[in-house]
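# Take a look and give me a structure for this.
(chains A and B)
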Amino acid sequence: MKIAKNVIIVVLGLLLIPVTAVGTAAVKQRFADGPNRVFSGGRLVAGDLHTGPEPDWSFVKDIPTIEMQLVEPARSRRIWVAEAEGKLYVWSGYMSTAVGRLWKRWPVQAERDGRAVLRINGTRYERQLARITSGDVLDGISAAIGSKYPSETTRASVEAGEAWVFEAAPRN
Amino acid sequence: MKYFYRFILVALIVTVIAVAFIPGVDDYIEQTFQQYVGRAAR
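Sure thing, here's the model as predicted:
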């Protein structure tokens, strides 16, 4: 019995090392200007703030990921981006799995308060995220996503709630 | 077990210091974590 107890203590003790490493890396990233990979970063500070007319977003076709910070809470993450018919879209998959919902909390937060800052090529853009749950517009968005990424985001998956798509519209 | 507890304590302190201050360690940890979470979320 004592051996079993000691084995459990040893296993838990050894598990504590990678858990501590992950926790430390996550906390460290929170204080950084922007995200790295999966851990949220802090407020996006560096970079000029875009003013003036709406940009031609077609240039994002050549950009793999962008940094996105919600105003509330002021945390940033790295996400995929697509352009369709002159509009900018961001999305999150895995929204129907328990792990996905724990991992990807920004879509729920964005639905509550859609104010966001995007940083693309070092320039910051103030946007308003508006969720799209259905409609023909999803056909064009899905095509744009599919042509750019190995993504399983389709109109059906969006309408089923498996993926959450947001238009990053200008903020008024 | 006393030595094991000491070992774990030292290992945790070294881990925190390494991740917080040695360049590249935090990125390696994040990359590894990303692989596991990505698999689990599918």
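# care to break chain A down by domain?
A:1-30, A:48-170 (automatic domain parsing).
# Work out which residue lies at the spatial centre of chain A.
Per C-alpha atoms, centre = their mean, the C-alpha nearest to the average position across chain A is that of A:Ile79, at 4.2 Å.
# Flag every residue of chain B that's near chain A.
Contact residues, chain B versus chain A (C-beta under 8 Å from any C-beta of the partner chain): B:1, B:4-5, B:8, B:11-12, B:15-16, B:18-20, B:25-27, B:29-31, B:33-34, B:37, B:40-42. Backbone N, C-alpha and C define where each C-beta goes, glycine included.
# Kindly recompute the last result at 10 Å.
Neighbours of chain A within chain B, by C-beta under 10 Å from any C-beta of the partner chain: B:1, B:4-5, B:7-9, B:11-21, B:25-42.
# picking that back up, what's the most buried one of the domains of chain A?
domain A:48-170 (a mean of 17; mean count of other C-beta atoms under 10 Å in any protein chain shown).
# For chain A, which helix extends over the most residues?
Using DSSP state H, we find that the single longest helix of chain A is helix A:2-30.
# Then chain B?
Assigned via DSSP H, chain B shows its longest helix as helix B:2-21.
# Identify the residues contacting it?
A:6, A:9-10, A:12-14, A:16-28, B:25-30 (C-beta atoms under 10 Å, 6 or more residues apart in numbering or on different chains).
# do stretch A:29-39 as well
Against stretch A:29-39 from outside (C-beta under 10 Å, 6+ apart): A:22, A:25-28, A:40-47, A:65, A:67-69, A:75-79, A:103-104, A:119, B:26-27, B:29-31, B:33-35, B:37-38.
# Which residue ranges of chain A form helices?
So, for chain A - with DSSP H - the helices run A:2-30, A:98-103, A:106-112, A:137-148, A:155-159.
# Which of these has the lowest mean pLDDT?
If the helices of chain A are sorted by mean pLDDT, helix A:98-103 sits at the bottom with a mean of 77.
# Alpha carbons of it, in PDB - could you do that?
Coordinates of each C-alpha in helix A:98-103 appear next as PDB, following Å, rounded to 0.1, in the frame of the first residue of the first chain:
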ATOM      1  CA  ALA A  98     -15.000  20.600 -24.600                       C
ATOM      2  CA  VAL A  99     -11.300  21.100 -25.000                       C
ATOM      3  CA  GLY A 100     -11.800  23.600 -27.800                       C
ATOM      4  CA  ARG A 101     -14.300  25.600 -25.700                       C
ATOM      5  CA  LEU A 102     -11.800  25.700 -22.900                       C
ATOM      6  CA  TRP A 103      -8.900  26.600 -25.200                       C
END
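# Which strands and helices lie in contact with it?
strand A:87-92, helix A:106-112, helix B:25-41 (3 or more C-beta pairs under 10 Å, 6 or more residues apart in numbering or on different chains; DSSP states H and E).
# Enumerate the residues of chain A near chain B.
For chain A, the residues in contact with chain B (C-beta under 10 Å from any C-beta) are A:5-6, A:9-10, A:12-14, A:16-29, A:32, A:35-39, A:93-94, A:97-104, A:152.
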